[in-house]
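Participant: Fold the stuff below for me.
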Amino acid sequence: MAKQTTQGEATGGRQRLRDAIIQKVRGAGTGPPEAPPPRRRRKPAERRESLWDQRIALFGPRLRDMAMFCRQLSTLLDVGVPLLRCLKVLSSRTQHPRLKRVVREVADEVERGNRFSAALAQHPRIFSPLFVNVVRVGETGGILETSVRRLTEILESKASIRRRVRAASAYPVAVLTVAAAVVVLILVFAIPKFQEIYKQMNAELRGPIQWISQASEFLRNYYWLVILIAVALLGVFYLFRRSATGKRVLDFLRLQLPGAAAITVQVAIARTTRTLGSLLAAGIPLLEALQITAESSENTQVADALFRARDAVENGGKLEDQLRREARVFPPIVVDMIAIGEEAGALDVVLLKLANTYDEEVDATLRSLTAVIEPVLIVLLGLLVIFLALSVLLPYFELVQNLE
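Facilitator: Down below sits the predicted model:
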């Protein structure tokens, strides 16, 4: 028994000695070992906006950017994500720098307890009256998901029409630009060579070649003035187009010019019926829907017609009667369909059917215009080339014949 006690004490002594050595090595002394100091976490580096992002941020988001934002918001709301969470997610996922910043500010306003529509209304340059009013009606009626879905359809339809119109006009613009560049190169580099030849032969320049030679000399001697005049004209046109008077004048001309009137009316009808029908389907009253549609219209002539229609309905008149007075904007077939929709109590359904029909008509008209414009441009370019060639080479042929 005494021997077992002695062995236990020896074992305990060796264990205590081992613990003391370990503590000494760790530098912990006689107390318990100290926990290592917590590592300081580095803050994630904030993403700096590139020069390109800063340049984009100077301009507002495009229509397709707003349509994409609205589509993402509608998707998140449909799956049950709370509004504040949706806005915070989209503020980090949106690509456009300015829109991202504005969405973040809207999320902060909603988090403080403000209404979503009121937060959107604080940024009128980003969110149009159409956007704000549709959201406001959805909040009031408790159908925000449905309202945002309707708004998405409106914005995507507008973006689609605008994209198709620009695609149809891209070809003639590109051809005319190349033609202008070729003419400038001929005047600057080719014509001086022929001028030198005629000068050596003491040939008298008259007719078209004389005009072309004078244009070449003016362009080579006063190129800076030509550039200055071109930039000034573009600047004046840009400012005129953005002014209220200029926009009204250009919209009036679009409805009067034979080539542009048809496509202008079709695009206006497609946009107007889509917007008005979607608003009515979302539960917005007719008067308010007409007001929102007029405010969101991109054509001032169409907007004025819709405002007059709203005033007539507010004073007890019928929408059909007032639209028949606006035959320049609303064709008779459109007014007849609207009258049928009013009588049947399905105005929203009829308007959306009209929108789909006119979307197809816009596509057909753009295809036909493109098919007509292509050969016309080819013929015009051919005539231009023939004129320049004959004007420059005919005097040369005459000189050669005289020498023979």
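Participant: got the contact list for stretch 165-176?
Facilitator: Outside stretch 165-176, the residues within contact range by CB atoms under 8 Å, 6 or more residues apart in numbering are 263, 267, 362, 366, 369-370, 373-374, 377, 381. C-betas here are computed from N, CA, C, even on glycine.
Participant: how about a cut-off of 7 Å?
Facilitator: The list of residues contacting stretch 165-176 from outside it, by CB atoms under 7 Å, 6 or more residues apart in numbering, reads 267, 366, 369-370, 373-374, 377.
Participant: Including pLDDT, could the residues you listed go into TSV?
Facilitator: Shown next, in TSV, are those (pLDDT from 0 to 100):
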residue	pLDDT
Val267	90
Leu366	85
Leu369	83
Thr370	82
Ile373	84
Glu374	82
Leu377	86
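Participant: What count of nearby residues applies to Ala181?
Facilitator: Residues within reach of Ala181, counting by other CB atoms under 10 Å, total 10.
Participant: who are the neighbours in contact with it?
Facilitator: Neighbour list for Ala181: empty [criterion: CB under 7 Å, 6+ apart].
Participant: what about it, helix or strand, and which?
Facilitator: Following DSSP states H and E, one finds Ala181 within helix 144-185.
Participant: Which SSE is immediately downstream of that helix?
Facilitator: The C-terminal neighbour of helix 144-185 among helices and strands, as given by DSSP H and E, is helix 191-200.
Participant: between the next helix or strand after that following helix and helix 191-200, how many degrees?
Facilitator: Using DSSP H and E, the helix or strand that follows helix 191-200 in sequence is helix 208-221. Here helix 208-221 points in a direction 120 degrees away from that of helix 191-200 (axes from the mean of the first three to the mean of the last three CA atoms, to 10 degrees).
Participant: Tell me the buried residues in helix 208-221?
Facilitator: Going by neighbour count (16 or more other CB atoms under 10 Å), the buried part of helix 208-221 is 209, 212-213, 216, 219.
Participant: go on, stretch 243-253?
Facilitator: Going by neighbour count (16+ other CB under 10 Å), the buried part of stretch 243-253 is Asp251.
Participant: contact partners of that stretch?
Facilitator: Contact partners of stretch 243-253, identified using CB under 7 Å, 6+ apart, comprise 240-241, 299-301.
Participant: can you redo those as CSV with neighbour count?
Facilitator: Below are these laid out as CSV (neighbours: other CB atoms under 10 Å):
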residue, neighbour count
Phe240, 13
Arg241, 11
Asn299, 22
Thr300, 16
Gln301, 20
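Participant: Out of the residues you listed, which comes closest to Arg308?
Facilitator: Nearest to Arg308, judged by CB to CB, of those is Gln301 at 11.1 Å.
Participant: Quick one: the strands in the protein, in order.
Facilitator: For the chain, no strands are identified by DSSP state E.
Participant: Alright, that wraps it up for me.
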